[in-house]
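Trainee: Prediction below, plus the sequence it came from.
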Amino acid sequence: MARRVENRLKTTNGGKTGIFAACAAKNFAQRRPIRHTSVPEQMLVFTARRLRMTRSPFRRLVFGTVRRLLYLWVRSETINQSAFTLKLDRSKPVLFVLQKPSISDLAVLDTECRKAGLPRPVLPVAVGDLMEPAAYFYLNPPAGWFGRSDKRGISPTLDRVVSALSENAVDDAQVIPVSVFWGQSPDRETSPWKLLFADSWAVTGRLRRLVSILILGRKTRVQFSPPIHLRELVEQNKGHERTLRMVHRILRVHFRNQKTAAIGPDVSHRRNLVKGLVHGPQVRQAITEEAQREGISVDKAEAQALRYGNEIASDYTYTVIRFLELVLSWFWNKIYDGIKVNHIEGVQDVAQGHEVIYVPCHRSHIDYLLLSYLLFRNGLTPPHIAAGINLNMPVIGGLLRRGGAFFMRRTFKGNPLYTAVFNEYLHTLFSKGFPVEYFVEGGRSRTGRMLQPKTGMLAITLRSFLRDNRMPVVFVPVYIGYERVLEGRTYLGELRGASKKKESIFDIFKVIGALRQRFGQVWVNFGEPIKLAEFLDSEQPDWREQTHAPQFRPDWLSATTNRLGDRVAQHLNEAAAINPVNLVALALLSTSKLALDDRALTRVLDLYLELLRSVPYSPHTTLPEGDGQALIEYVKGMDLLAEQKDALGKILYLNEHNAVLMTYYRNNVLHIFALPALLASFFQSSARISREQILRFTRALYPYLQSELFIRWSLDELDEVIDQWLNAFVEQGLLKVENDVYLRPAPSSRQFVLLTLLSRAIAQTLQRFYMAIALLLNAGQNTISAEQLEDLCTVMAQRLSILHGLNAPEFFDKSLFRHFIQTLLDQGVLRQDEAGKLSHHPLLSELAEGAAKRVLPAELRLSIRQVTMDQSEETSDLT
C-alpha cells in the first residue's frame, strides 16, 4: 500500500515536491507515530488525490465552476479582517487551515481571499525549495454524508511544512486558521424557521451542509484569525513529532475558542446542569443545614434545591436567540435612526479564551436586548443575562429564559439554600466559559447619572473566581447612550416627583403609541476591559497563595469588591458617548432662563467641542460630528428644542415639558465636564488665582466629585490634568496667564460669559456639598446621626429648589446625600461614635467656608445658611 501511494505521489508531482511527498509515504510505511498512532491510511490516500487534483487543469476548472455556481446563490462577508492583515508578512509563505474538509467552505475562503487581495488558498505556494500544490489544508479528515465522529490525524501538508522548517529550508511559514459560519447574519434573515439550519455544535454531515447552503447561503460569514508563525514553535526544539502534535493542538483549541466566541459554548442539557448544581460542595452543605433547620429529610431539602435551580437556570437555546434577533432587528430599525458601535474590536480580542462578563450601564429596558443584538451581529455570543424574578411571567418568562435570561430574587436574605444554589449556578456558568451579563447599577438610572454600584453580583463573581481561577475572567464595560430613551415619559413623571413604577417587560410595548416621535441614534461604546486577575494582583498581591474553599470569605473581600464596583463604574463613564442632545442640554440648563439666542448657543457648543478635543476625557469617549450649528439643527429636528423668532434673530429655549427631561441627558455627561467646570467656578469670585491655589482647592474638592460622578483620574494624575485644562482655557481665550497666575477676562466680555456658563454645570453639586456641611456644622458635635443628616439634607434641598427655581430633580436625591456623607466618613472628615452620632474635624468650618467662597456666589451661601438656621429652629421646636 505504501509503495502504491509513493509511486502516485512521485508521478503526480515530480521533482523535489514529489521526492518530499515520497518521503512522507515512506514514513507511513515505517509507521512513524503521530499523536501516538500512525497517520490514517485514508488520510494519506486522500492527500495524494488532492495533490493530483490541484495540479490538474481539469480539476482546477471543476473547482472554479463549482465556486461560480455556488456564488450564484451564496453571499459571504469577512468579520474582523483587520485582526490578521496587520500582522501578516507577505514575504513569508501563507497557508490557510480549515477545521474540516468542505468544498463549500473552501470556495467561500477562496472568494474572500480574492476580495481582500490575499494569497489564494487553491494556488500553489512556495515553501523554501518546495512547491506545495495548494496553500490550504484541513485540520481534521473528512466526515461521512450523515456525519461521524472525528478521527483526528496530522495533515501531510502540515507535516511537510514543519519538516521544511526543521531542516531550515525556509525561514518561516504562517498558518491562518479560518472559520466559515453559515446563517450568521441576523440582520438579513427573513424567516425564523431558517434559523434551525444555522451553525451549531451538533455533528453534521454533507447532507445537512447542502441544506444549509440552500437555505442560509446568503448569510455566510468568514472569520480569519491572526497568523500562527510555525518558526516560533519549531524553535522550541521538541522534535518533529511533538511539534506536529503541539501545532495540531493549538489549532484545535483555536478553532474551538473561535467557534465558542461566535456561537457560544457547547451547551449541555438544562436538566443535567440543574441536577449537577445539587452536587456542589457548597450546595450539599446548605442542603444538610436546611434539613436540620427545618426538621425535614435530606431528600426533601434536595428537592427544594432542585426547585430553586429550575427557577433560576436559563434554558439557552440558539434557535430562540436567533428568532429573538430577527424580531428585535425589525423593532430596532423601526424606532431608531441608527446604532453606532465603537471599540468592539477589544471585545473580539479578549472573547477567545476568557470568561467574558458584560457590565453595561442601565438606562432603558431595552439595554440588554440591544447588547445581545449587537454582539450577535458582530460574531460574538449573546450572553446569559441576570433578570429580576418579576420578569418570569407566563409566555414572556419562558421566551426570555430560552433567550439566555436567568432569574434572581430581589433579596437572598433568610434563605441560605437559595443563596447556595444561585452561587453554584453562576459558578457553573463562569467555569464553563459562558458569557454573562448583569447591571452593576442594579436598576435603571432615572436621573441619567451613573448609580452607585450594587456589589452583590460582583461579590459572587469574585468568590467564584477565587474558588476556581483556571478560566480567566474579564469585565467588559458597555456604555449605551440614547438621544431619547423609550421610557422618557415615565422618567419625566418620576423626575417631577411621581412614585417609581415597578419594572415590567410590558413597559417596552407602552412606547408603541409614541413612535411618532423621533428617537434619534444610539451609541454603544465598549470600554476598556478589566481583567480580574490583574485587578486582584494590584489590590491583594498574595491572593493566589490563600486558601479559597467555597465557603471561604477573606477579610479583604468586601472592601475589594467595593473598589471593583467603583472601577467598573469609572470604566463605564470613560466609554461615554457625547451626543448633540447632551451638549445642548448642558448649555441651556446652565442659563438662568433656559434660553440663548442661536449665535450664542452656537458659540457655546463650539467651545465645548474644542475643549473636549483639546483635552480628551478618555480614548474610549466619543464625540458627535459637526459644529455647533449642526448640533442645534439636529436637536431641533428631534423636537427637544423650541424656537422663537423676532426682528433681532432666533431665541432657542427649553419649554417646561423638556426642561426637566433634558437634565437626564445633561447628567449622562456631567462627569466629563465636572473638573473643567470646577476650575471655571474658581474665577467667578476671584479675578486672579495662582496655580498653587488652584491645585490646593481642587485637591480638596475633587475626592467628593470623583466619588459621586466616578471620574477617572486619581489624585496622583490630577495635577497634570489640571494643567492640561488650564492650558486649554488659555488657548480658547477664557483665561490669561502671567508668571503662574491665571487671570479671568473682563466681566463684560464674551469670554467671561462662556466661562460662567461652563462653571454652572457643576454648581448644583457644589451647592449640595455646602448645604450638607452647613447642616452638620449647625447641628454641632455628636448630636446627629448620618440618617438624620441625610433626611435634613433632603428636606432642605427641596426647599431650596423651590426658592431658587432649580430644575434638577436629582438636587434633592436622597441617595446622593447618603453617598456624600459616606465619602466624608471615608475621608476621615467625619467620625461616628458608639451611638452613631457624627463628629467633625475642628477645621471643617474654616475649610468649607474657604472653598465655598471660591466656588459659590455670596447670595447663595447666605441663602443656604439662612435656610439652615430656619430648619434648625423648626427641628428644635418639634423636639
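Mentor: Now that the structure is in, tell me what you want to look at. Since we're looking at a predicted model, the values are computed, not measured.
Trainee: Show me the domain layout of this protein.
Mentor: 2-263, 270-574, 578-668, 672-879 (automatic domain parsing).
Trainee: Pull the residues that contact the helix or strand containing R696.
Mentor: In the assignment (DSSP states H and E), R696 maps to helix 691-709. Applying Cβ atoms under 8 Å, 6 or more residues apart in numbering, the external contacts of helix 691-709 come out as 449-450, 573, 670-671, 674-675, 678-679, 682, 711, 713, 715, 718-719, 722-723, 726, 740-742, 762, 765-766, 769, 816, 819-820, 823-824, 826-827, 847, 851, 854-855. From N, CA and C alone the C-beta is placed, and that goes for glycine too.
Trainee: Go ahead and build a ChimeraX selection from the buried members of those.
Mentor: Under the burial definition 16 or more other Cβ atoms under 10 Å, those of the contacts of helix 691-709 that qualify are selected in ChimeraX by:
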select :449,450,573,670,671,674,675,678,679,682,711,713,718,722,726,742,762,765,766,769,816,819,820,823,824,851,854,855
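Trainee: quick one: which of the contacts of helix 691-709 sit in helices?
Mentor: 573, 670-671, 674-675, 678-679, 715, 718-719, 722-723, 726, 765-766, 769, 816, 819-820, 823-824, 826, 847, 851, 854-855 (DSSP state H).
Trainee: Point out where the stretch 501-650 of the chain drops to low pLDDT.
Mentor: Across the stretch 501-650 of the chain, the ranges flagged by pLDDT under 70 are 501-516, 547-552.
Trainee: how does it look with 80?
Mentor: 501-517, 546-553 (pLDDT under 80).
Trainee: so where do the strands sit in it?
Mentor: Using DSSP state E, counting those that start in this stretch, the strands of the stretch 501-650 of the chain run over 521-526, 530-531, 595-597, 642-646, 649-653.
Trainee: so which of those comes closest to R688?
Mentor: Nearest to R688, of all the strands of the stretch 501-650 of the chain, is strand 595-597, at 28.3 Å by Cβ to Cβ.
Trainee: Just list what that closest one packs against, helices and strands only.
Mentor: helix 580-588, strand 649-653 (3 or more Cβ pairs under 8 Å, 6 or more residues apart in numbering; DSSP states H and E).
Trainee: residue contacts, the spatially closest residue to L678 that is not a sequence neighbour?
Mentor: Leaving aside its sequence neighbours, L678 sits nearest to I762 (Cβ to Cβ, 6 or more residues apart in numbering; 5.6 Å). Residues in contact with I762 (Cβ under 8 Å, 6+ apart) are 670, 673-674, 677-678, 681, 705.
Trainee: Nearest to L631 among those residues?
Mentor: F673 (15.5 Å).
Trainee: From Q827, how far off is the closest one?
Mentor: 23 Å (Cβ to Cβ, to the nearest Å).
Trainee: and what of L486?
Mentor: 39 Å.
Trainee: Over to L641?
Mentor: Per Cβ to Cβ, L641 is found 41 Å from Q827.
Trainee: do V730 as well
Mentor: For V730, the distance to Q827 - Cβ to Cβ - is 32 Å.
Trainee: And L757, by the same measure?
Mentor: Taking Cβ to Cβ, one finds L757 at 30 Å from Q827.
Trainee: sorry, back to before: go through the helices and strands packed on strand 595-597 and pick out the most buried.
Mentor: Of all the helices and strands packed on strand 595-597, helix 580-588 has the most neighbours on average by mean count of other Cβ atoms under 10 Å, namely a mean of 27.
Trainee: same for that helix, what does it pack against?
Mentor: Using 3+ Cβ pairs under 8 Å, 6+ apart: helix 580-588 touches strand 595-597, helix 598-614, helix 628-637, helix 656-668.
Trainee: circling back to that earlier point, pull out the buried residues from the helix holding R696.
Mentor: 691, 694, 697-698, 701-709.
Trainee: where does the stretch 751-879 of the chain have low pLDDT?
Mentor: 800-813, 847, 850, 857-861, 863-879.
Trainee: which residues in it form helices?
Mentor: Using DSSP state H, counting those that start in this stretch, the helices of the stretch 751-879 of the chain run over 763-779, 786-803, 814-826, 844-855, 858-878.
Trainee: One more: the stretch 151-300 of the chain?
Mentor: 156-166, 206-216, 230-234, 240-263, 270-277, 281-294, 298-312.
Trainee: Turn those into a markdown table, including mean neighbour count and mean pLDDT.
Mentor: A markdown table is the format used below for the helices of the stretch 151-300 of the chain (neighbours: other Cβ atoms under 10 Å; pLDDT from 0 to 100):
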| stretch | mean neighbour count | mean pLDDT |
| --- | --- | --- |
| helix 156-166 | 22 | 89 |
| helix 206-216 | 16 | 63 |
| helix 230-234 | 18 | 89 |
| helix 240-263 | 18 | 82 |
| helix 270-277 | 16 | 80 |
| helix 281-294 | 17 | 92 |
| helix 298-312 | 18 | 93 |
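Trainee: And those: which comes nearest E534?
Mentor: Short answer: helix 240-263, nearest of the helices of the stretch 151-300 of the chain by Cβ to Cβ, at 20.3 Å.
Trainee: Using the three-state scheme, assign I339.
Mentor: strand (DSSP: H, G, I helix; E, B strand; the rest coil).
Trainee: State the distance from it to G353.
Mentor: For I339, the distance to G353 - Cβ to Cβ - is 28 Å.
Trainee: Same check on Y479?
Mentor: To G353, Y479 is 25 Å away according to Cβ to Cβ.
Trainee: Tell me which of those two has more neighbours.
Mentor: Y479 (26 against 14; other Cβ atoms under 10 Å).
Trainee: Leaving out sequence neighbours, find the closest residue to that one.
Mentor: Nearest one to Y479, counting by Cβ to Cβ, 6+ apart, is A575 at 3.9 Å.
Trainee: and that neighbour, what are its phi and psi?
Mentor: phi -90, psi 20 (degrees, to the nearest 10).
Trainee: With N342 instead?
Mentor: Here N342 shows phi and psi, under degrees, to the nearest 10, equal to phi -130, psi 140.
Trainee: and if you look at G481?
Mentor: The phi/psi pair for G481 (degrees, to the nearest 10) is phi -110, psi 120.
Trainee: ok, the residue nearest to it when sequence neighbours are not counted to L370 distance?
Mentor: Excluding the flanking residues, the one nearest G481 by Cβ to Cβ, 6+ apart is A577, at 3.8 Å. Spatial separation of A577 from L370 under the definition Cβ to Cβ is 13 Å.
Trainee: Neighbour count: these two, which is higher?
Mentor: Neighbours per residue (other Cβ under 10 Å) separate A577 from L370, with A577 holding more: 24 against 21.
Trainee: Any idea what that one is bridged to?
Mentor: T622 (DSSP bridges).
Trainee: Contact partners for the residue nearest to L88 when sequence neighbours are not counted?
Mentor: The shortest distance from L88 to any non-neighbouring residue, by Cβ to Cβ, 6+ apart, is to P227 (5.8 Å). Neighbour list for P227: 84, 87-89, 94, 174-176 [criterion: Cβ under 8 Å, 6+ apart].
Trainee: Make TSV out of those residues and add distance to I784.
Mentor: Converted to TSV, those look like this (distance: Cβ to Cβ, whole Å):
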residue	distance to I784
F84	64
K87	63
L88	68
D89	70
V94	74
Q174	71
V175	71
I176	68
